[in-house]
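Visitor: next input, structure requested:
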Amino acid sequence: MRVRTRAAAALAVVPLVLGVAACGGGEEPKAGDQPSTTTSTTSNTPASTPTPAPLKAPAVAHLNRATFLPAMNSALAKQTSYRTSGKMTAGGEVLMSITAVQQTKPLAMSMSMTGLAFQGKTAKIVLVGEKLYVSVPGAMPAGKYRKLDASDASMGQLSELASTGDPTRTFKAFGSALHQVKFVKSETLGGLKLDRYDLTVDTVAVLKAQKKKIPAGVPKTMIYSMWLDAGKMARRFSFDLQGVSMLMTMDPTSAPVTIKAPAKKNIVN
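Guide: Predicted coordinates:
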């Protein structure tokens, strides 16, 4: 029962970076009335020169509440395709593992989900334009898909799952729900130097913006941790809500991807 509850919670909750050297002079010798021989003493110790202070690196300007979303969205807009992968966990159990590939023009996505939420089996979702194709274990024969309009209310939960594999929908939902942006630290993950930010957002506003149901007892605010690369592209994000944790990574693809709808022979009513 606990596993089912967590799985249900998972389906309901998930949507979504100067020295100065001193110098000195000597005195001229004084001449007396009578010629005389004088002996001058010269020190063999060289004059010391102060060591210049080390140059300070210019302060790095980190993003804030006003600049974070414009910078990140600008970087996302430049991407034509990317791959995502993620894990949803609760109580030490992996509820769902997600892998997806998405292209932006034209809009399309192919996603696979495996885990307790599907009794350990794999569900697949293909989104091409406004059409959604779903293959859910137990709901249809293996390898077969059901065709839906993306707005079809009869499969609203699956439409929500489709948005789970598309972090950009979560990012776009931040908008006015964003309360605070805090730079945490720079770190290297997977060979990439990333800047981590913690974003405090209005929980209900974010879920409403994604047209998701509002689970009972959700906190007023929640924190999304996001990691941006040097180009301000979101590469990783995580959050925790009602005991469910989500961690997802995004990797822009170097080569174009092509996502097509399932063959007609694999589509069932």
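
Visitor: alpha carbons only for contacts and neighbour counts from here, please
Guide: Noted.

Visitor: which stretches of the stretch 51-200 of the chain form strands?
Guide: In order along the chain, the stretch 51-200 of the chain carries the following strands (DSSP state E, counting those that start in this stretch): 81-90, 93-103, 108-114, 122-128, 131-135, 145-149, 178-189, 192-202.

Visitor: turn those into TSV, columns for mean pLDDT, mean neighbour count and distance to Ala61.
Guide: Converted to TSV, those look like this (pLDDT from 0 to 100; neighbours: other CA atoms under 10 Å; distance: least, CA to CA, whole Å):
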stretch	mean pLDDT	mean neighbour count	distance to Ala61
strand 81-90	92	21	27
strand 93-103	91	21	32
strand 108-114	92	23	35
strand 122-128	91	22	39
strand 131-135	89	22	42
strand 145-149	85	19	45
strand 178-189	96	15	10
strand 192-202	95	20	12
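
Visitor: figure out which of those is closest to Thr258.
Guide: strand 93-103 (7.6 Å; CA to CA).

Visitor: touching that closest one from outside, list them.
Guide: Applying CA atoms under 8 Å, 6 or more residues apart in numbering, the contact partners of strand 93-103 are 6-7, 10, 80-89, 108-117, 165-166, 257-259.

Visitor: now swap in stretch 119-131 and tell me
Guide: Residues contacting stretch 119-131 (CA under 8 Å, 6+ apart): 106-115, 132-137, 147-150, 162, 259-262.

Visitor: and the nearest residue to Asp198 once chain neighbours are set aside, how far from Phe239?
Guide: Nearest non-adjacent residue to Asp198, counting by CA to CA, 6 or more residues apart in numbering: Ser225, 4.5 Å away. Shown here: Ser225 relative to Phe239, a distance of 6 Å by CA to CA, to the nearest Å.

Visitor: cool, Glu93 as well?
Guide: 16 Å.

Visitor: beta-bridge partners for the closest residue to Met226 other than its chain neighbours, please?
Guide: Excluding the flanking residues, the one nearest Met226 by CA to CA, 6+ apart is Phe237, at 4.3 Å. Assessed by DSSP bridges, Phe237 has beta-bridge partners Met226, Met248.

Visitor: name all residues that make contact with Phe237.
Guide: Contacts for Phe237 (CA under 8 Å, 6+ apart) come out as Tyr224, Ser225, Met226, Trp227, Leu247, Met248, Thr249.

Visitor: can you pull out the low-pLDDT segments for the protein?
Guide: Judged by pLDDT under 70, the chain has its weakly predicted residues at 1-60, 150-170, 211.

Visitor: can you give me the helices in it?
Guide: 2-13, 68-77, 156-164, 167-174, 203-209 (DSSP state H).

Visitor: ok so, going back, max pairwise distance over the contacts of Phe237: which two?
Guide: Of all pairs in the contacts of Phe237, the most separated under CA to CA is Tyr224 and Thr249 at 13.3 Å.

Visitor: isn't Arg196 right next to Asp229, touching?
Guide: No. In this structure, Arg196 is not within contact of Asp229 by CA atoms under 8 Å, at 9.1 Å.

Visitor: can you list the contacts of Phe237 in JSON lines and add neighbour count?
Guide: Listed next are those as JSON lines, based on neighbours: other CA atoms under 10 Å:
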{"residue": "Tyr224", "neighbour count": "17"}
{"residue": "Ser225", "neighbour count": "20"}
{"residue": "Met226", "neighbour count": "23"}
{"residue": "Trp227", "neighbour count": "26"}
{"residue": "Leu247", "neighbour count": "18"}
{"residue": "Met248", "neighbour count": "23"}
{"residue": "Thr249", "neighbour count": "18"}
